[in-house]
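Participant: Predicted model follows, preceded by the sequence.
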Amino acid sequence: MSKTIIVSNRLPTKVQRTDDGLTFQPSEGGLATGLGSIYRQGDNVWVGWPGLFVHDESEESFITQELHADNMAPVFLTEDEIRDYYEGFSNSTLWPTFHYFTEFSTYVDEHWDAYVAVNEKFCKAVLAQSGPDDIIWVHDYQLLLLPELLRRARPRATIGFFLHIPFPSYELIRVLPWRTELLRGILGADLIGFHTFGYMRHFLSAVSQQLGLPNQNGQIETPSHTVRVDAFPMGIDYERYATAAASEEAQAHTAEYRQALGNTRVILSIDRLDYTKGIPQRLRAFNELLERYPEWRGQVSLIMVVVPSRDQVAQYASLKEEVDELVGRINAQYRTISWSPVHYFYRSFPLPELAALYAMADVGLVTPLRDGMNLVAKEYVASRLDHRGVLILSERAGAARELSDALIINPTDTRALAESLHEALVMPDDEQERRMRNMQALVQRYNVFAWTKLFMNQLAYTKMKQETLATANLDEAATAMLLADYHAAEQRLLLLDYDGTLVPFHPDPTRAAPDQELRLLLRALTDNPQNRVVVISGRDRNTLQKWLGHLPLHFIAEHGVWLRGAEATEWELFQPLRNDWKRELRPVLEVYVARTAGSFIEEKDYSLVWHYRRADAELGPVRARELLSHLSFITANTDLQVLEGNKVLEIKNAGINKGTAAVRWLGQYEPGFMLAIGDDRTDEDTFRALPPEAYTVRVGQAQHSAARFHIASPTDVRKLLRQLIV
Ligand code: GDG
């Protein structure tokens, strides 16, 4: 039976060295709770760093044993690794870049090297725990390379990846020197999850522009597998916060705070110290409120909990200074003997105290400049047992996509934010209740358990679909069978597509001429009198003639329009065809060339092709869709057909395709062995036209293919063909 392995930078337990020896403190984080239901079951396990440095082996094996009993497996990291991989690459390169703070990003090769090495270390640790068919769920930005490393080692494994922080626009990703490796790393997964649709869109766009891999409804075909990308907004453990707020302990704290604050209204903010959280912006807005609405002086306080974090990184130290100074200035200016404008805590609180603060706050103020999701906003909602209170939420937190009943603000708009604070403080009770109840219903339903279940179900479904739709890999066993049938047959027919099959795609199609290796290979195949080798291509006959005409090959050109036998000197038309329509349609294509830099028209005898491989990676497919719909309109009720190929649209006579042409060859020759290899939709016609015993092979990873097998690349195609000539 397969088991499930969770992987994240940190384990859900913090191991600490104290005077009394080692302590094991379970983490209270939302992720740990949500995934608790998974990793604690059966043989499942959570792999991650236990949070301390270990220098002797006996301590290491003690910690390993203790954690093992709780279904955890530690990855021990050194001080240097934490400095370079965690504080360096993760928190000083990826964190600022992914949160749109490129000005804080550092680009240090040694940090990258450490990042690669630690991801490899995690890979080893996961492999030690897992078998070939296990389910592995990797979390967050510290482990972006891990999915791909795991895929290489365990091609059949089911791998999920979830990013907890934003995925930014490609314009930021492209700044990273290691962008290609990072994107490839993530693409090792079968299912990739983000908090919002916007992050997902940015990722798909980056993959398309950086790696040239398009997507269809969030599905990307990589050479090795199909990847699904989707949005899974993370939730919280709703009951945990609702119960904590209702607990006697929390209520005692509330009473205590209330007594100290008197009738003062409370605005609450809680976050880790981070430049992404908009802490200074929030203080400026509060200051603005007191300036614009003097009536609130003495009436409302901001309780601001800031949890110390990452104090090793320079920007965090200067942010701390800025916050200290702003708080000092506001308090110095407005404080009275009986009232403090800002109650500032630079430490963390135990849950019952936190719950008491949530439960009593009139306003929950969440103002990040960027935030993947922001769970504090949801926790505030879950804690309001009286259905009162107003949430003010930054439009740039992932949570804003769901919590539309909050007052959604732009955190840099100080005046508007001050106005929202005022609006929240004067909001009538019934409106507060209506908004709060709506948000509570949503946060309760889409809680962290629902999130975990949805992701795991989608992961299983993605894998199941891959397996049912995918063609079989032409692996060693299948190749051996193919070779045996090939050798046993007296007559063999090989139908070989050209571009994307015998040669890789070239940005300029006129420069994809056969290299010497290919010419020799084709020569050797045709030297065997038992073989009949047909190059079956969409290219025009003159190009095929020029590039390969000197070899005793048979040809099908223009997707079946022209045929030429190896002995023949002339090309023959498959059937009489018209081409006067080209005069009318060419100007339409020219309009699209004029509007799409890099695209161009190829004219063949009986077809017109619009190529967009060299156009902008995002614009090309958009224009192609537009042109396709335009052409479908013009060609309706004619005998023309518009064909979508690999970054091309081709207009041609209907009813003629590679398949119909291939069948003619078949009828004339009656081979005992048939092999057809091709890489795109036009080759599907060939696959479908052949009898079931034929070896039909699609290049690349394709779902919904009529081929029996797939093979990774033109390099592998050549390798296979070489095996036929020995
Ligand atoms: C990432 C993304 C995304 C805070 N102070 C105290 C305390 N906390 C708890 C909160 C909350 C958690 O810390 C913070 O949650 P966030 O959602 O703000 O962010 P992170 O976990 O840092 O980071 C973020 C999240 O992943 C999940 O995907 O939402 O966008 O950056 O749970 O309650 N808890 C206690 N005392 C405190 O003083 N007990």
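Facilitator: Right, received. Where do you want to start?
Participant: Might you enumerate the residues of the stretch 251-400 of the chain proximal to the ligand?
Facilitator: 270, 272, 305, 307, 348-349, 351, 354, 371-376, 379 (CB under 6 Å from any ligand atom). All C-beta atoms are positioned from the backbone trio N, CA, C, and that covers glycine.
Participant: Now the terminal residues of stretch 405-413, how far apart.
Facilitator: One end of stretch 405-413 to the other measures 20 Å (CA to CA, to the nearest Å).
Participant: scratch that, stretch 253-267
Facilitator: 17 Å.
Participant: What of stretch 28-48?
Facilitator: End-to-end distance (CA to CA), stretch 28-48: 16 Å.
Participant: So which bits of that stretch are buried?
Facilitator: Residues of stretch 28-48 classed as buried: 30-36, 38-39, 44-48 (neighbour count, 16 or more other CB atoms under 10 Å).
Participant: cool, stretch 8-19 as well?
Facilitator: Buried residues in stretch 8-19 (16+ other CB under 10 Å): 8-13, 15.
Participant: rewinding a little: among the residues of the stretch 251-400 of the chain next to the ligand, which are located in helices?
Facilitator: Counting by DSSP state H, those place 351, 354, 375-376, 379 in helices.
Participant: looking at the residues you listed, which has the most residues close by?
Facilitator: Val376 (27 neighbours; other CB atoms under 10 Å).
Participant: neighbours around the closest residue to it other than its chain neighbours, how many?
Facilitator: Excluding its sequence neighbours, the residue lying closest to Val376 (CB to CB, 6 or more residues apart in numbering) is Ile270, at 5.1 Å. As a burial measure, Ile270 scores 24 neighbours (other CB under 10 Å).
Participant: List the beta-bridge partners for Ile270.
Facilitator: Assessed by DSSP bridges, Ile270 has beta-bridge partners Val305.
Participant: Contact partners for it?
Facilitator: 304-305, 307, 354, 357, 376 (CB atoms under 8 Å, 6 or more residues apart in numbering).
Participant: now the strands for the stretch 551-700 of the chain?
Facilitator: In the stretch 551-700 of the chain, the segments counted as strands under DSSP state E, counting those that start in this stretch are 554-557, 562-564, 572-573, 600-603, 607-611, 640-644, 648-653, 673-678, 695-699.
Participant: Just send those strands back as a markdown table, with distance to the ligand too.
Facilitator: A markdown table is the format used below for those (distance: least, CB to the nearest ligand atom, whole Å):
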| stretch | distance to the ligand |
| --- | --- |
| strand 554-557 | 54 |
| strand 562-564 | 58 |
| strand 572-573 | 62 |
| strand 600-603 | 45 |
| strand 607-611 | 42 |
| strand 640-644 | 38 |
| strand 648-653 | 41 |
| strand 673-678 | 44 |
| strand 695-699 | 38 |
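Participant: For those strands, could you give me CSV that also reports mean neighbour count, mean pLDDT and distance to Glu419?
Facilitator: Output for the strands of the stretch 551-700 of the chain, formatted as CSV (neighbours: other CB atoms under 10 Å; pLDDT from 0 to 100; distance: least, CB to CB, whole Å):
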stretch, mean neighbour count, mean pLDDT, distance to Glu419
strand 554-557, 25, 94, 70
strand 562-564, 22, 93, 72
strand 572-573, 12, 92, 75
strand 600-603, 15, 95, 54
strand 607-611, 23, 95, 52
strand 640-644, 18, 90, 52
strand 648-653, 22, 93, 52
strand 673-678, 25, 96, 63
strand 695-699, 25, 95, 60
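Participant: I'd like to know which of those strands lies nearest to Val313.
Facilitator: In terms of CB to CB, the element of those nearest to Val313 is strand 695-699, at 46.8 Å.
Participant: what sits up against the next helix or strand after the closest one?
Facilitator: Once strand 695-699 ends, the next helix or strand along the chain (criterion: DSSP states H and E) is strand 709-711. With contact meaning CB under 8 Å, 6+ apart, strand 709-711 is reached by 470-474, 478, 677, 695-702, 717, 720.
Participant: can you check stretch 437-447 too?
Facilitator: 233, 235-239, 378, 381-382, 384, 387, 391, 402-403, 405-406.
Participant: Return the member of those nearest to the ligand.
Facilitator: Ile236 (7.0 Å; CB to the nearest ligand atom).
Participant: residue ranges with poor pLDDT in the protein?
Facilitator: 312, 702-703 (pLDDT under 70).
Participant: Show me the residue at the heart of it, geometrically.
Facilitator: Ile192 (4.6 Å; CA atoms, centre = their mean).
Participant: That one looks like it's in a strand, true?
Facilitator: Yes - judged by DSSP: H, G, I helix; E, B strand; the rest coil, Ile192 forms part of a strand.
Participant: Quick check: beta-bridge partners of it?
Facilitator: Applying DSSP bridges, one finds that Ile192 bridges with Phe161, Val229.
Participant: need the contact list for it.
Facilitator: Ile192 makes contact with 160-163, 186, 203, 227-230 under the criterion CB under 8 Å, 6+ apart.
Participant: and the nearest residue to Tyr39 once chain neighbours are set aside, how far is that from Leu469?
Facilitator: Distance criterion CB to CB, 6+ apart; nearest residue to Tyr39, sequence neighbours excluded, is Trp46 at 4.2 Å. Using CB to CB, to the nearest Å, Trp46 is found at 32 Å from Leu469.
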